[in-house]
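Chemist: Have a look at this prediction, sequence included:
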Amino acid sequence: MGCSISKKSKANYWDFASLASETMFSLDEVEAVYVLYKKVSCCIVDDGLIHKEEFRQALLRNKGKPDLFVDRVFDLFDLKRNGVLDFGEFVQSLSIFHPKSPAADKILFTFNLYDLQHTGCIEREEVKEMVLAILKESDLELPDEVIEEIVENAFNEADSNQDGKIDLEEWKEFVGKNPSLLKNMTIPYLMDVSTVFPSFVENKIMLI
Amino acid sequence: MVREVEEERGGNNTGMRLGKYELGRILGEGNFGKVKFAKNIETGNSFAVKILEKKKILNLKITDQIKREIGTLKLLRHPNIVRLHEVLASKTKIFMVLEYVHGGELFDKIASRGKLPEKEGRRLFQQLIDGVSYCHDRGVFHRDLKLENILVDGKGNIKVSDFGLSALPQHFGSDGLLHTTCGSPNYVAPEILANRGYNGATADVWSCGVILYVILTGYLPFDDRNLAVLYQKIARGDVQIPKWLSAGAQKMIKRILDPNPVTRITVAEIKADQWFKQGYVPLNPDDDEDNIYIDEEAFSINDESDGEKRLGAPTLINAFQLIGMSSFLDLSGFFEKEDVSERKIRFTSNLSHIELLERIEDIVTGLGYSVQKKNGRLKVVQGQRDQRDPRSLSVAAEVFEISPSLYVVELRKTYGDSLIYRQLCNKLSNDLGASRSQELLGAAILSAETVSEVY
C-alpha cells in the first residue's frame, strides 16, 4: 500500500457514483474495490493500471507464472483489449462475480472463458487443453484415453445437436442442468465488500 | 460519498441512514461513544449500533492484531454474548452493528432491586461463566468485565457486551482500568493493578467474582472513596464475605477473589464446583442451528448445486466441473492472504468413493482429529477455532468421481496453520493417492502464520 497517497488524486478521475450505478456495487463498495485495485495495480509497475503480471501476482502470489486460466480471465477483464486493466474495466468485470449479478452474465462469462480461440463455440480441443491444464495444476497424471473419455462425456451431455461443438444456447442449457458450473463465478466476499472486510475499513482509514 | 453525506446531514436526528440500517434513538453513551438503536430496512430486524469516532483512533497504529481481533469478534456466537453482526465505516466513524438486547443493564436491576436470591444469582453467574468460557476458548478476553457491561434480556438471560473490545488498544477502552467515572476499578484484578503483565483469563475470572459478589450481596466487595486505599484492598484480596451466604457461595467467592492469579480458581474448576453445578445446564453453542458458520466457506459453496446428490452417492463430475476446480479460476484469491492453490489440494485415487471416505476418516481420527459428515463431505477438525492455538485446523474433504474407478479427493482448508494442513494432505495422498505422491512438502514457501482473514 505504499503508493496509496500518491495515487489519491487519480481516484477522482473515476466517477465512482456512475460506476456504482452501472454495476452491482454500492458506492462504498466501489471505493472498497478501488482500494483493492490500487493495491494490485501498483504491485509491480506503479502506473495505476493492472498489467497481466500484476493480475497473476495478486491471484497466485509468488507463483505468478503464466497460466492458461488466469491469462484467460485477464483477457476477458480487458474489455478495451489494450493489454492493461483500468479501474473501470476492473469494477465492471468484477461485478459479474457479485453474488447478486444475474446468472445470464455469469453464464456468458464462462462461455467466453472456455471459448479459448474466440470462435463463438467451445470446441473439443479447447476442452482437452483446459482439462490438461487443471490436471497439471493439481499434479494429477491421467492416461490419455481417460482424458479423451472425460472430454467425450462432457460433449455427449452438452452438445445437444451433436455437431462436435458447444454453442452458447447449448451452453446455457448445460449450465442449467449443472448449476455448480457457475460456482467460481460468484465471489462470496463481494457481498458487502466494504463491510465484510475490516481490512478495507482499515485501509479506508489509512487513506483519509 | 452519498452515504456519508446523508449520515452527516442526519446529525443526531432519527431516521438517519447507514447502508441498509435506519438509525434511531440513542440507547446509551459509553466509554466508546454513542450507541444507537437501528433497524434493518430490508428485514425489519432491530440492532444496536455502536458509533466510534475515527478521529479518536486515527493517529493510532492499526495493526494486524486489531484486524484479527475484529475478525474474531464477528465469529463469537453464544447466547450469553452480545453478537457483533458487522462493522461498517464512513469517513469519520466506525459503526459496530450489534445484537439489540431488549432489556437493560444488570447494574440497573441490582441498583433498583438490590441483591438477588442466591438461586437466581447463581443462574446468572452460570450464564456469565458460560459466555466467558466460550470466549476464552476462542482466545478472546474481556478485560473489563463489570456489571455495566452485562445486559439482561426480556427473558432474564445474561448478555455480556464489549467482549474483546478492550483488547483493541487503549484508545477504544481508553485504558479501562483507571477510570473513576464508571466504577470499573472496583472490578480490576490485583495483578493488573500491580502492572505485572497479566493473563486475560485469570483477570476475567477475578471480575466475574466481583460480579458474583455484587449480585449476591448488592454491594461491591472492594470499595473506598480513596483510590489508593481501594487498590490496596484489592491487592490484598481484603474482602468481607457475608456469613449469611451459603457455604458453597462463600467458598466460590473466596476461591475467585484470590489475589494470586496462579492459585486462583480457573473457569474449568468453577464449572466443576458443586455449588456452581446446582441446576446448571451447560449450553453447547454448537448445537445452535444458527451456528454452522464454520462451514460457510467449506460447505455452502456447492450446496445449491447438487440437488440430485443423495447422501453417500459420489458426485460424478464432467470435464467443465473439473476445469472449474482450478484455483486459478477462483478470484477469491484477490481477497485472501493465502494463495488459493495452497488452501485447496487435490489428489486422485482408484479407491471407491465409500472406501475413500472411510479411509480418510480412519486416518484423521488416528491423528487425533474429529470428523463430521455432511452431504457426503467430511469435515475434519482439530481444536477450537482459535488463532492462539497453533494446532487448530479445519478441513473439508470431498470425493468426486471423474470416471468409473477414478476419483478425485479435494481438500479445502477452512482455517488453520498451513504447515499442519500440508502435513495432513501429504499423509492422505500418500496413503490413498493413485499416482506418485505430490511434492506437497517440497519447496513451497510455508507460512507459519495461521490464517487470519476469517471474515
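Modeler: Here it is on my side, so go on.

Chemist: Tell me the residue of chain A that sits nearest chain B?
Modeler: Here chain A gets closest to chain B at one residue, residue A:180, 3.2 Å apart by C-beta to the nearest C-beta. Where C-beta positions appear, they are placed from N, C-alpha and C, glycine not excepted.

Chemist: right, and that residue touches residue B:322 too?
Modeler: No. With contact defined as C-beta atoms under 8 Å, residue A:180 does not reach residue B:322; the gap is 11.3 Å.

Chemist: re earlier: what number of residues lie near the residue of chain A closest to chain B?
Modeler: 21 (other C-beta atoms under 10 Å in any protein chain shown).

Chemist: Also residue B:39?
Modeler: Residue B:39, neighbours per other C-beta under 10 Å, totals 16.

Chemist: so where do the strands sit in chain A?
Modeler: Per DSSP state E, chain A carries strands over the ranges A:50-51, A:84-85, A:122-123, A:165-166.

Chemist: which residue sits closest to residue B:158, ignoring its sequence neighbours?
Modeler: residue B:127 (4.2 Å; C-beta to C-beta, 6 or more residues apart in numbering or on different chains).

Chemist: Could I get the phi/psi values of that neighbour?
Modeler: Backbone torsions of residue B:127, given as degrees, to the nearest 10, read phi -70, psi -40.

Chemist: distance of it from residue B:80?
Modeler: According to C-beta to C-beta, to the nearest Å, residue B:127 and residue B:80 sit 5 Å apart.

Chemist: what touches both of these two?
Modeler: B:157, B:158 (C-beta atoms under 8 Å, 6 or more residues apart in numbering or on different chains).

Chemist: among the strands of chain A, which is nearest residue B:111?
Modeler: Comparison of those against residue B:111 by C-beta to C-beta identifies strand A:50-51 as nearest, at 59.5 Å.

Chemist: Please see if that closest one touches chain B.
Modeler: No. Applying C-beta under 8 Å from any C-beta of the partner chain, one finds strand A:50-51 separated from chain B by no less than 10.8 Å.

Chemist: can I see the domain layout of chain A?
Modeler: A:7-99+A:188-207, A:103-185 (automatic domain parsing).

Chemist: Show me the shaky parts of chain A.
Modeler: Low-confidence segments of chain A (pLDDT under 70): A:1-13, A:61-65, A:191-208.

Chemist: Enumerate every residue touching the one residue sitting closest to the centre of it.
Modeler: Geometric centre of chain A, nearest residue: residue A:73, 4.6 Å, by C-alpha atoms, centre = their mean. Contacts for residue A:73 (C-beta under 8 Å, 6+ apart) come out as A:55, A:113, B:328, B:329, B:331.

Chemist: Pull up the gap between it and residue A:23, please.
Modeler: 17 Å.

Chemist: Compute the number of surrounding residues for residue A:39.
Modeler: 17.

Chemist: least trustworthy helix or strand in chain B by mean pLDDT?
Modeler: Least confident helix or strand, chain B: helix B:296-299 with a mean of 30, by mean pLDDT, DSSP states H and E.

Chemist: Residue B:79 versus residue B:391, what's the distance?
Modeler: Distance of residue B:391 to residue B:79, given as C-beta to C-beta: 28 Å.

Chemist: Tell me which of these two has more neighbours.
Modeler: Neighbour count, other C-beta under 10 Å: between residue B:391 and residue B:79, residue B:79 has more, with 17 against 12.

Chemist: Settle this for me: that one is touching residue B:157, isn't it.
Modeler: Yes. Contact criterion C-beta under 8 Å: residue B:79 and residue B:157 qualify, at 6.9 Å.

Chemist: Okay, strands next: where are they in the stretch 51-200 of chain B?
Modeler: Assigned by DSSP state E, counting those that start in this stretch, the strands in the stretch 51-200 of chain B fall at B:84-89, B:93-99, B:103-105, B:150-153, B:158-160.

Chemist: just to revisit the earlier point, would TSV of the strands of chain A with distance to residue B:205 and mean neighbour count be doable?
Modeler: Listed next are these as TSV, based on distance: least, C-beta to C-beta, whole Å; neighbours: other C-beta atoms under 10 Å in any protein chain shown:
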stretch	distance to residue B:205	mean neighbour count
strand A:50-51	52	22
strand A:84-85	54	22
strand A:122-123	63	23
strand A:165-166	65	23
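
Chemist: a markdown table please, covering these and showing distance to residue B:404.
Modeler: Putting the strands of chain A into a markdown table (distance: least, C-beta to C-beta, whole Å) gives the following:
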| stretch | distance to residue B:404 |
| --- | --- |
| strand A:50-51 | 44 |
| strand A:84-85 | 43 |
| strand A:122-123 | 25 |
| strand A:165-166 | 24 |
